[in-house]
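Trainee: here is a sequence together with a model predicted from it:
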Amino acid sequence: MKDQKLKLWMGIGMATMLAGSGSGAWAEEGGESGHDDMVNAADHGGEGGENHGGEGGEGGENHGGEMGDAFSYFAAGGEGGEGGEGGEGGEGGEGGEGGEGGATVAPVASDGAHIAMIHMMQGHLMAARELIKAGEVDEGRPHLTHPWIEVYPMAERGLEAHGQDRLGKQLKTLAEGAGKAEKWSDVSADFNAAWKSLDQAVAAISGDDAESPATVAKVMLSLTKQAVLEYDEALEDGRFVAVHEYQDGRGFVLAAREYLERNKAGMMKQNKEAWRDANTVLDELQKAWPTAMPPAEPVVKVADLYARQARLELALAPYLF
């Protein structure tokens, strides 16, 4: 336990150091998604294709290395991480880009990583739904494409191994229809079909401990870490310049909140105090995203947000060791 606490405190120090330096080491370049044809065919509502409307030029395919970093919780926990695969052949987090020595988990090898990816996809969809229902249709459309473009390529082989071949087709259908949406009812049927398949994919993942408290904690940390990375990426000189990255982060935090609530019974049964602590820290972390559209100035400094992520690691530590 002494060594475990030391590792956690070292994690806090690293998070603070990286935050103070702009976290450049956290955001590695991802590979090509392999979905170029679909991306070029899908109308992003004038959002400039893969580059999110030119907001900093941060296209969907540039998130791979960051996601590999977010999945490091599973590699550290021994749930897989066939050193060097880390994201299926260049689809975000390959070998030398965060996958060396098992630092990035191979999706096919880890049920927990699959669950995290599925909830990331749902986080993207939550951002889209919130924006479109609020009348921000132009802002919401691109987020309907993100599960298919940004996350599914990493999860494809693993999901197919669990018999979830249909999910890709539904995500592609939703993405291809995104550009035609003018109101929520235009996409609600395809959205609900994709969402149902995502829930079914979680249920289909094998393993008695697929959603044990330890796995729930790792999924939570993966979602919130990716949210923090997106928040960091969205900012430049103290201003939000990449709006969709901010919105992605908000979606991931909303997905983390929903997932934690869904698994409340099992988490509280194992450790009520840790459950309360995690909720308290998550409340503080979530304050960085007060609205669906970013505020004029950040509510929370990037360094403070990395520190809150480190505190969430501490709060969830009793479930991990």
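Mentor: Okay, I see it. Numbers count the residues shown, from 1 in each chain.
Trainee: what segments of this structure are helices?
Mentor: If DSSP state H is used as the criterion, the helices of the chain fall at 2-20, 36-41, 64-70, 72-76, 111-133, 137-146, 152-161, 165-177, 188-204, 213-234, 243-262, 264-270, 272-286, 302-320.
Trainee: quick one: closest of the ones you listed to A292.
Mentor: For A292, the closest of the helices of the chain is helix 111-133, at 5.0 Å, according to CB to CB. The way it works is simple: take the backbone N, C-alpha and C, and place the C-beta from them, glycine included.
Trainee: just for the stretch 1-150 of the chain, where's the confidence low?
Mentor: 1-67, 76-109 (pLDDT under 70).
Trainee: swap the cut-off to 90 and go again
Mentor: 1-69, 72, 74-112, 114 (pLDDT under 90).
Trainee: what of the stretch 151-300 of the chain?
Mentor: For the stretch 151-300 of the chain (pLDDT under 90), the answer is 157-158, 160-162, 165, 203-211.
Trainee: mind redoing it with 80?
Mentor: 206-211 (pLDDT under 80).
Trainee: how about the helices of the chain in JSON lines, adding distance to P295 and mean neighbour count?
Mentor: Formatted as JSON lines, the helices of the chain follow (distance: least, CB to CB, whole Å; neighbours: other CB atoms under 10 Å):
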{"stretch": "helix 2-20", "distance to P295": "20", "mean neighbour count": "13"}
{"stretch": "helix 36-41", "distance to P295": "30", "mean neighbour count": "13"}
{"stretch": "helix 64-70", "distance to P295": "23", "mean neighbour count": "26"}
{"stretch": "helix 72-76", "distance to P295": "29", "mean neighbour count": "23"}
{"stretch": "helix 111-133", "distance to P295": "15", "mean neighbour count": "26"}
{"stretch": "helix 137-146", "distance to P295": "15", "mean neighbour count": "25"}
{"stretch": "helix 152-161", "distance to P295": "31", "mean neighbour count": "21"}
{"stretch": "helix 165-177", "distance to P295": "29", "mean neighbour count": "19"}
{"stretch": "helix 188-204", "distance to P295": "27", "mean neighbour count": "17"}
{"stretch": "helix 213-234", "distance to P295": "12", "mean neighbour count": "26"}
{"stretch": "helix 243-262", "distance to P295": "9", "mean neighbour count": "23"}
{"stretch": "helix 264-270", "distance to P295": "30", "mean neighbour count": "14"}
{"stretch": "helix 272-286", "distance to P295": "14", "mean neighbour count": "17"}
{"stretch": "helix 302-320", "distance to P295": "14", "mean neighbour count": "21"}
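Trainee: can I get these in a markdown table with distance to P294?
Mentor: Formatted as a markdown table, the helices of the chain follow (distance: least, CB to CB, whole Å):
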| stretch | distance to P294 |
| --- | --- |
| helix 2-20 | 19 |
| helix 36-41 | 24 |
| helix 64-70 | 19 |
| helix 72-76 | 27 |
| helix 111-133 | 12 |
| helix 137-146 | 10 |
| helix 152-161 | 26 |
| helix 165-177 | 24 |
| helix 188-204 | 23 |
| helix 213-234 | 7 |
| helix 243-262 | 4 |
| helix 264-270 | 30 |
| helix 272-286 | 14 |
| helix 302-320 | 13 |
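Trainee: got the contact list for the closest residue in space to A127 that isn't next to it in sequence?
Mentor: Leaving aside its sequence neighbours, A127 sits nearest to G251 (CB to CB, 6 or more residues apart in numbering; 3.3 Å). Applying CB atoms under 8 Å, 6 or more residues apart in numbering to G251 gives the contacts G123, H124, L125, M126, A127, A128, E130, H143.
Trainee: right, and L223 touches G249 too?
Mentor: No: counting by CB atoms under 8 Å, L223 does not reach G249; the two are 9.8 Å apart.
Trainee: so what's the residue nearest to T224 when sequence neighbours are not counted up against?
Mentor: Counting by CB to CB, 6+ apart, A256 is the residue found nearest to T224 once chain neighbours are left out, at 5.3 Å. When contacts are counted by CB under 8 Å, 6+ apart, A256 touches H119, G123, V219, M220, L223, T224, A227, L282.
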